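Visitor: fold the following and give me the result.
(chains A and B)
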Amino acid sequence: MIIRILGEGQYDVADDVLARLNELDSAVEAAVEAGDEQAFAPALAELLSGVRSAGVPHAADSLDESDLILPPADASLEEVREMLSDEGLIPG
Amino acid sequence: MSLMKRISLIFRSKANKALDRAEDPRETLDYSYQRQLDLLSKVRRGVADVATSRKRVELQVNQLEQQSAKLSDQAQKAISMGREDLAREALTRKSGVTSQIADLKAQHAQLQGEEEKLTLAQQRLQAKVESFRTRKETIKATYTAAEAQTRINEAMSGIGEEMGDVGMAIQRAEDKTAQMQARAGAIDELIASGALDDVSSTNSGDDIARELDSMSSQADVEAELARLKAGSQPQAIEPAEDGGDILKAEPEANTTEGGASA
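Guide: I've put the predicted structure just below:
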C-alpha cells in the first residue's frame, strides 16, 4: 500500500507491516486524545520512522493516490487536532 | 477509526473539493494543469523567500561575530590599562551577543531545513506535473468526453493529493519564516540602535570604545610629553641616575635625524 507522510512524499509499504504500524498509530492517537504533548512527539516520530524504514519511496512521477496519509514530522499536537477537526488542512 | 485513516479521509475530501470541475471533463484537465503550474511557481517563490531569510540570518551572525571579537579586544585592552570595570562591561555585552549568535544559528538551521524540504517538495510536484501533462494529452487525444471521466478522475485525485501536500508545506514554511523574520527585524533594529554595538556604524562608537579611546589618547599624550621632555633633557640634566642610557640614546638619534634632514 502507499502511505504519504505529509511534507515528505509517498512510500510503498508492504501490507504485512500494517499491524505493527497500527500499534504505533494507536499510541499517537491516544496521545492526541489525551492532549499529552510529552507522549505525542516521540509517538509520532516512531510511527513515521516505522513507515520510512518499512517502506521504499514511491515513484515520484506516479499519479497514484495514497491509501494512508500521515501528519508531517514536525507537526504539533495542536496541528494534528486541527487536521482532524477539518480545519486548515489544505490552505486556499 | 485509526488516526491515519481519519487524517487520510479528511485530507482527501478536502483535496477533492479543491479541484476545479468543468462541464467538459477534458477541460477540467486543462484547468487543473494551469493550477499545477501556478502552484509550482508558488513553491519556487517559497524556496527563494526562505533562502532570502536564511541569508539575512547569516549576515546577522557575521555582524554579531565581528562584534563579539571587538568586545573581546576591548576587554583585553581594558585589562591591560588596569580598567577591570570596563573589561567586565565589555565581557557582559559579549555574553549577550554570544547568546544572540546561538539563537540565530538555531534559526539558521531551521531555515535551512525548511529550504531543503521545500526544494524536495518542488521536485516531487514537478515530476508529478510533468506526468500529469503527458497523461492529459493522451486522455484528450484518445477518449471522448464521456469515456474520459474515469481516467481523468484517477489522474486528478493523484495530483490533487500532491497539490494539497505541497500547498500545506508552503504554508508551514511561510509561517515559520514569518516568525523568524519578525525576530530578525528586531535584531536589525538592535544592531542599528547601537545596543549591540554594530561595528559597521560609522560613529565609531560605543561608550566602552570612547572611554578606551580617550584613555589611550591620554596615554598617547603622556607618552608624547615624556618623549618631548626626554628630548630637552640632555642639555638641562647632567646626572642621569637610572635611565641614563635610554635618555642618551634618544638625543643621539634626534641629532642624526636632524643632521640628515638639514
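Visitor: and stretch B:101-120, how far out from the chain middle?
Guide: Stretch B:101-120 has its C-alpha centroid displaced from the chain centroid by 10 Å (C-alpha atoms, centre = their mean, to the nearest Å).
Visitor: what does stretch B:208-217 give?
Guide: 32 Å.
Visitor: kindly export it (C-alpha atoms) in PDB.
Guide: The C-alpha trace of stretch B:208-217 is given here as PDB (Å, rounded to 0.1, in the frame of the first residue of the first chain):
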ATOM      1  CA  ILE B 208      33.500  51.400  26.100                       C
ATOM      2  CA  ALA B 209      35.300  52.300  22.900                       C
ATOM      3  CA  ARG B 210      35.100  56.000  23.600                       C
ATOM      4  CA  GLU B 211      36.400  55.600  27.100                       C
ATOM      5  CA  LEU B 212      39.200  53.300  25.900                       C
ATOM      6  CA  ASP B 213      40.000  55.800  23.100                       C
ATOM      7  CA  SER B 214      40.100  58.700  25.500                       C
ATOM      8  CA  MET B 215      42.300  56.700  27.800                       C
ATOM      9  CA  SER B 216      44.600  55.800  25.100                       C
ATOM     10  CA  SER B 217      44.700  59.300  23.800                       C
END
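Visitor: buried residues, it. List them.
Guide: B:208-209, B:211-212, B:215 (16 or more other C-beta atoms under 10 Å in any protein chain shown). Where you see a C-beta, it was placed from the backbone N, CA and C, and this is true even at glycine.
Visitor: cool, and stretch B:24-33?
Guide: B:25-26, B:28-29, B:32-33.
Visitor: okay, and which of the residues you listed map to helices?
Guide: Secondary structure from DSSP state H places B:25-26, B:28-29, B:32-33 of those in helices.
Visitor: test my guess that B:Q110 contacts B:K176.
Guide: Yes - counting by C-beta atoms under 8 Å, B:Q110 touches B:K176, with 6.8 Å between them.
Visitor: below-threshold pLDDT in the stretch 151-262 of chain B: ranges please.
Guide: B:194-206, B:215-217, B:220-221, B:225, B:232-262 (pLDDT under 70).
Visitor: apply 80 and report the result again.
Guide: Along the stretch 151-262 of chain B, the parts satisfying pLDDT under 80 run over B:190-262.
Visitor: which residue does it bring closest to chain A?
Guide: B:G158 (3.3 Å; C-beta to the nearest C-beta).
Visitor: what's the closest non-adjacent residue to that residue?
Guide: With C-beta to C-beta, 6 or more residues apart in numbering or on different chains as the criterion, B:G158 has its nearest non-adjacent residue at 3.3 Å, and that residue is A:L63.
Visitor: do B:K94 as well
Guide: Excluding its sequence neighbours, the residue lying closest to B:K94 (C-beta to C-beta, 6+ apart) is B:L71, at 4.0 Å.
Visitor: over to A:A73?
Guide: Among residues not flanking A:A73 along the chain, A:L48 sits closest, at 5.5 Å (C-beta to C-beta, 6+ apart).
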